[in-house]
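A.B. asks: Sequence first, then the predicted structure, then my questions.
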Amino acid sequence: MGSEGPPMVTIHVTGFKKFHGVFENPTEVIVSNLRGFMQKKGLPRGLELGSCSVLEAAGEGAKAALYQILESAVTGLDTKSSGTRQVIWLHLGVNSGAAKFAIENQAVNEATFRCPDELGWRPQRVPIVPADGCISRTRETSLPVSEIVKALESMGYEVTHSNNAGRFVCNYVYYHSLLFAEKHRIKSIFVHVPLFYTINEEQQMQFVASLLEVLASLH
(Lines give C-alpha, C1' and ligand atoms only; values in the text may rest on other atoms or scores of the structure.)
Protein backbone atom coordinates (compact mmCIF):
# COMPACT_ATOMS: atom_id res chain seq x y z
CA MET A 1 0.00 0.00 0.00
CA GLY A 2 1.37 3.40 -0.89
CA SER A 3 0.25 6.75 0.44
CA GLU A 4 -0.48 9.94 -1.42
CA GLY A 5 0.33 13.28 0.14
CA PRO A 6 2.27 13.82 3.36
CA PRO A 7 2.08 11.16 6.10
CA MET A 8 -0.34 12.00 8.91
CA VAL A 9 1.29 9.75 11.53
CA THR A 10 4.97 9.17 12.30
CA ILE A 11 5.62 6.12 14.48
CA HIS A 12 8.98 5.64 16.19
CA VAL A 13 9.71 2.15 17.52
CA THR A 14 12.00 0.82 20.23
CA GLY A 15 12.95 -2.64 21.42
CA PHE A 16 15.44 -3.95 23.98
CA LYS A 17 18.73 -5.82 23.96
CA LYS A 18 19.24 -9.01 25.97
CA PHE A 19 18.81 -9.01 29.72
CA HIS A 20 18.98 -11.44 32.64
CA GLY A 21 17.34 -14.72 31.61
CA VAL A 22 16.56 -13.59 28.04
CA PHE A 23 19.65 -14.00 25.88
CA GLU A 24 17.83 -13.44 22.59
CA ASN A 25 15.34 -10.64 22.96
CA PRO A 26 12.71 -10.92 20.20
CA THR A 27 12.12 -7.17 20.29
CA GLU A 28 15.74 -6.53 19.26
CA VAL A 29 15.23 -8.76 16.22
CA ILE A 30 11.84 -7.24 15.37
CA VAL A 31 13.01 -3.64 15.59
CA SER A 32 16.27 -4.33 13.74
CA ASN A 33 14.38 -5.94 10.84
CA LEU A 34 11.23 -3.80 10.87
CA ARG A 35 12.21 -1.19 8.27
CA GLY A 36 13.17 -3.79 5.68
CA PHE A 37 10.06 -5.83 6.45
CA MET A 38 7.77 -2.83 6.01
CA GLN A 39 9.50 -1.77 2.80
CA LYS A 40 8.64 -5.17 1.32
CA LYS A 41 5.12 -5.25 2.75
CA GLY A 42 4.28 -1.60 2.09
CA LEU A 43 3.47 1.04 4.69
CA PRO A 44 -0.18 1.71 5.55
CA ARG A 45 -1.64 4.85 4.01
CA GLY A 46 -0.76 7.99 5.94
CA LEU A 47 2.02 6.35 7.97
CA GLU A 48 5.71 7.22 8.13
CA LEU A 49 8.00 4.82 9.98
CA GLY A 50 10.36 6.98 12.01
CA SER A 51 13.37 5.80 14.02
CA CYS A 52 13.83 2.14 14.96
CA SER A 53 16.04 1.96 18.06
CA VAL A 54 17.22 -0.85 20.31
CA LEU A 55 17.61 0.21 23.93
CA GLU A 56 19.93 -1.12 26.60
CA ALA A 57 17.90 -3.20 29.04
CA ALA A 58 18.71 -0.80 31.86
CA GLY A 59 17.04 1.89 33.92
CA GLU A 60 18.77 4.86 35.51
CA GLY A 61 22.12 4.23 33.84
CA ALA A 62 20.53 4.31 30.39
CA LYS A 63 18.17 7.25 31.03
CA ALA A 64 20.30 9.82 29.19
CA ALA A 65 20.39 7.61 26.08
CA LEU A 66 16.63 7.05 26.34
CA TYR A 67 15.91 10.78 26.44
CA GLN A 68 18.24 11.41 23.54
CA ILE A 69 16.16 8.99 21.49
CA LEU A 70 12.86 10.47 22.70
CA GLU A 71 14.01 14.01 21.95
CA SER A 72 14.91 13.01 18.39
CA ALA A 73 11.20 12.54 17.66
CA VAL A 74 10.31 16.14 18.46
CA THR A 75 13.42 17.98 17.30
CA GLY A 76 12.31 20.39 14.60
CA LEU A 77 8.66 19.36 14.97
CA ASP A 78 6.42 22.26 13.99
CA THR A 79 3.94 22.74 16.82
CA LYS A 80 1.57 24.53 14.44
CA SER A 81 1.17 21.29 12.50
CA SER A 82 0.69 19.13 15.59
CA GLY A 83 -3.06 19.15 15.12
CA THR A 84 -2.80 17.48 11.72
CA ARG A 85 0.35 15.39 12.15
CA GLN A 86 0.66 12.87 14.96
CA VAL A 87 3.79 11.39 16.52
CA ILE A 88 3.58 8.05 18.33
CA TRP A 89 6.21 6.18 20.31
CA LEU A 90 5.71 2.41 20.09
CA HIS A 91 7.82 0.57 22.66
CA LEU A 92 8.19 -3.20 22.43
CA GLY A 93 9.29 -5.41 25.30
CA VAL A 94 9.28 -9.15 25.93
CA ASN A 95 7.33 -11.06 28.56
CA SER A 96 9.02 -14.48 28.58
CA GLY A 97 6.06 -16.12 30.33
CA ALA A 98 3.37 -14.78 28.01
CA ALA A 99 1.39 -16.68 25.38
CA LYS A 100 -0.32 -13.58 23.96
CA PHE A 101 0.56 -10.06 22.92
CA ALA A 102 -0.30 -7.47 25.59
CA ILE A 103 -1.17 -3.82 24.98
CA GLU A 104 -0.13 -1.92 28.11
CA ASN A 105 -2.53 0.76 29.28
CA GLN A 106 -0.34 2.33 31.95
CA ALA A 107 2.96 2.55 33.75
CA VAL A 108 3.57 2.94 37.48
CA ASN A 109 6.05 5.32 39.12
CA GLU A 110 7.87 2.43 40.80
CA ALA A 111 11.16 0.71 40.03
CA THR A 112 11.47 -2.60 41.87
CA PHE A 113 13.80 -4.77 39.83
CA ARG A 114 13.69 -8.52 40.48
CA CYS A 115 17.30 -8.73 39.29
CA PRO A 116 19.99 -6.19 38.38
CA ASP A 117 19.55 -4.52 35.01
CA GLU A 118 22.29 -4.79 32.38
CA LEU A 119 24.21 -1.92 34.00
CA GLY A 120 23.99 -3.44 37.48
CA TRP A 121 21.18 -1.30 38.97
CA ARG A 122 18.68 -3.07 41.23
CA PRO A 123 16.28 -0.56 42.81
CA GLN A 124 13.65 -1.57 45.35
CA ARG A 125 10.47 0.52 45.71
CA VAL A 126 12.14 3.59 44.21
CA PRO A 127 10.09 6.27 42.43
CA ILE A 128 11.04 6.43 38.75
CA VAL A 129 10.43 10.18 38.70
CA PRO A 130 10.66 11.48 42.29
CA ALA A 131 9.11 14.83 41.33
CA ASP A 132 6.03 12.94 40.14
CA GLY A 133 5.10 11.79 43.62
CA CYS A 134 4.84 8.42 45.32
CA ILE A 135 5.44 4.97 43.83
CA SER A 136 1.70 4.34 43.44
CA ARG A 137 1.35 7.17 40.89
CA THR A 138 0.32 5.91 37.45
CA ARG A 139 0.37 7.41 33.97
CA GLU A 140 -1.94 6.13 31.25
CA THR A 141 -1.53 6.18 27.49
CA SER A 142 -3.81 8.58 25.63
CA LEU A 143 -4.30 5.98 22.90
CA PRO A 144 -7.49 3.84 23.00
CA VAL A 145 -6.15 0.50 24.21
CA SER A 146 -9.48 -1.36 24.10
CA GLU A 147 -10.05 -0.21 20.52
CA ILE A 148 -6.55 -1.31 19.52
CA VAL A 149 -7.05 -4.74 21.13
CA LYS A 150 -10.39 -5.28 19.36
CA ALA A 151 -8.92 -4.28 16.00
CA LEU A 152 -6.02 -6.71 16.38
CA GLU A 153 -8.30 -9.51 17.59
CA SER A 154 -10.43 -9.01 14.48
CA MET A 155 -7.27 -9.65 12.45
CA GLY A 156 -6.83 -13.02 14.16
CA TYR A 157 -4.21 -12.18 16.80
CA GLU A 158 -4.38 -13.25 20.44
CA VAL A 159 -4.10 -9.98 22.31
CA THR A 160 -4.89 -8.84 25.82
CA HIS A 161 -5.51 -5.44 27.45
CA SER A 162 -3.03 -5.10 30.33
CA ASN A 163 -2.80 -2.69 33.25
CA ASN A 164 0.46 -4.07 34.61
CA ALA A 165 3.71 -3.54 32.71
CA GLY A 166 5.65 -4.95 35.67
CA ARG A 167 8.16 -2.97 37.72
CA PHE A 168 11.27 -3.76 35.66
CA VAL A 169 12.90 -1.91 32.74
CA CYS A 170 9.81 -2.07 30.49
CA ASN A 171 7.72 -0.17 33.01
CA TYR A 172 10.63 2.20 33.68
CA VAL A 173 10.94 3.18 30.01
CA TYR A 174 7.17 3.40 29.55
CA TYR A 175 6.76 5.75 32.50
CA HIS A 176 9.42 8.12 31.19
CA SER A 177 7.94 7.93 27.70
CA LEU A 178 4.41 8.72 28.89
CA LEU A 179 5.72 11.71 30.86
CA PHE A 180 7.68 12.90 27.81
CA ALA A 181 4.67 12.38 25.53
CA GLU A 182 2.43 14.47 27.77
CA LYS A 183 4.94 17.33 27.86
CA HIS A 184 5.39 17.35 24.08
CA ARG A 185 1.78 16.62 23.08
CA ILE A 186 2.61 13.37 21.34
CA LYS A 187 1.55 9.79 22.15
CA SER A 188 3.18 6.69 23.59
CA ILE A 189 2.23 3.05 23.94
CA PHE A 190 3.98 -0.10 25.15
CA VAL A 191 3.38 -3.62 23.87
CA HIS A 192 4.68 -6.85 25.40
CA VAL A 193 5.40 -9.74 23.04
CA PRO A 194 6.12 -13.40 23.85
CA LEU A 195 9.34 -15.24 23.11
CA PHE A 196 9.88 -16.56 19.57
CA TYR A 197 9.62 -20.04 21.10
CA THR A 198 5.95 -19.27 21.82
CA ILE A 199 5.07 -17.19 18.73
CA ASN A 200 7.59 -17.40 15.90
CA GLU A 201 9.47 -14.50 14.36
CA GLU A 202 7.42 -14.29 11.15
CA GLN A 203 4.12 -14.15 13.05
CA GLN A 204 5.50 -11.48 15.37
CA MET A 205 6.72 -9.38 12.45
CA GLN A 206 3.26 -9.65 10.89
CA PHE A 207 1.70 -8.64 14.22
CA VAL A 208 3.83 -5.50 14.50
CA ALA A 209 3.00 -4.60 10.89
CA SER A 210 -0.71 -4.97 11.71
CA LEU A 211 -0.24 -2.93 14.88
CA LEU A 212 1.32 -0.11 12.84
CA GLU A 213 -1.69 -0.25 10.52
CA VAL A 214 -4.10 0.00 13.45
CA LEU A 215 -2.19 2.90 15.02
CA ALA A 216 -2.10 4.73 11.69
CA SER A 217 -5.87 4.42 11.40
CA LEU A 218 -6.55 6.12 14.74
CA HIS A 219 -5.76 9.72 13.76
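C.D. replies: Yes, it's here.
A.B. asks: what residue is smack in the middle of the protein?
C.D. replies: His91 (1.2 Å; C-alpha atoms, centre = their mean).
A.B. asks: Double-check that that residue belongs to a strand.
C.D. replies: Yes. According to DSSP: H, G, I helix; E, B strand; the rest coil, His91 belongs to a strand.
A.B. asks: Now do the same contact list for it.
C.D. replies: Residues near His91 by C-beta atoms under 8 Å, 6 or more residues apart in numbering: 13-14, 170, 173-174, 177, 188-191. C-betas here are computed from N, CA, C, even on glycine.
A.B. asks: How far off centre is the helix or strand hosting Ile189?
C.D. replies: According to DSSP states H and E, Ile189 maps onto strand 187-193. Distance of strand 187-193 from its chain centroid, counting by C-alpha atoms, centre = their mean, to the nearest Å, is 3 Å.
A.B. asks: what's the answer for stretch 145-152, then?
C.D. replies: Distance of stretch 145-152 from the chain centroid (C-alpha atoms, centre = their mean) equals 15 Å.
A.B. asks: what do you get for stretch 148-164?
C.D. replies: Stretch 148-164 sits 15 Å away from the centroid of its parent chain (C-alpha atoms, centre = their mean).
A.B. asks: likewise stretch 19-39?
C.D. replies: 13 Å.
A.B. asks: and what of stretch 99-110?
C.D. replies: Averaging C-alpha positions (C-alpha atoms, centre = their mean) puts stretch 99-110 10 Å from its chain's average.
A.B. asks: Between the two ends of it, what distance do you get?
C.D. replies: In stretch 99-110, first residue to last residue: 25 Å (C-alpha to C-alpha, to the nearest Å).
A.B. asks: ok so, going back, in ChimeraX, how would I select just the buried ones from the contacts of His91?
C.D. replies: In ChimeraX, this line selects whichever of the contacts of His91 come out buried by 16 or more other C-beta atoms under 10 Å:
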select :13,14,170,173,174,177,188,189,190,191
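A.B. asks: could I get the contacts of His91 as JSON lines with distance to Glu153 and pLDDT?
C.D. replies: Formatted as JSON lines, these follow (distance: C-beta to C-beta, whole Å; pLDDT from 0 to 100):
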{"residue": "Val13", "distance to Glu153": "22", "pLDDT": "98"}
{"residue": "Thr14", "distance to Glu153": "24", "pLDDT": "97"}
{"residue": "Cys170", "distance to Glu153": "22", "pLDDT": "97"}
{"residue": "Val173", "distance to Glu153": "26", "pLDDT": "98"}
{"residue": "Tyr174", "distance to Glu153": "22", "pLDDT": "98"}
{"residue": "Ser177", "distance to Glu153": "25", "pLDDT": "98"}
{"residue": "Ser188", "distance to Glu153": "22", "pLDDT": "98"}
{"residue": "Ile189", "distance to Glu153": "16", "pLDDT": "98"}
{"residue": "Phe190", "distance to Glu153": "18", "pLDDT": "98"}
{"residue": "Val191", "distance to Glu153": "14", "pLDDT": "98"}
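A.B. asks: where do the strands sit along this protein?
C.D. replies: Secondary structure of the chain by DSSP state E: the strands cover 9-16, 47-55, 86-94, 101-104, 106-108, 138-140, 159-162, 187-193.
A.B. asks: Out of those strands, which gets nearest to Phe207?
C.D. replies: strand 101-104 (6.1 Å; C-beta to C-beta).
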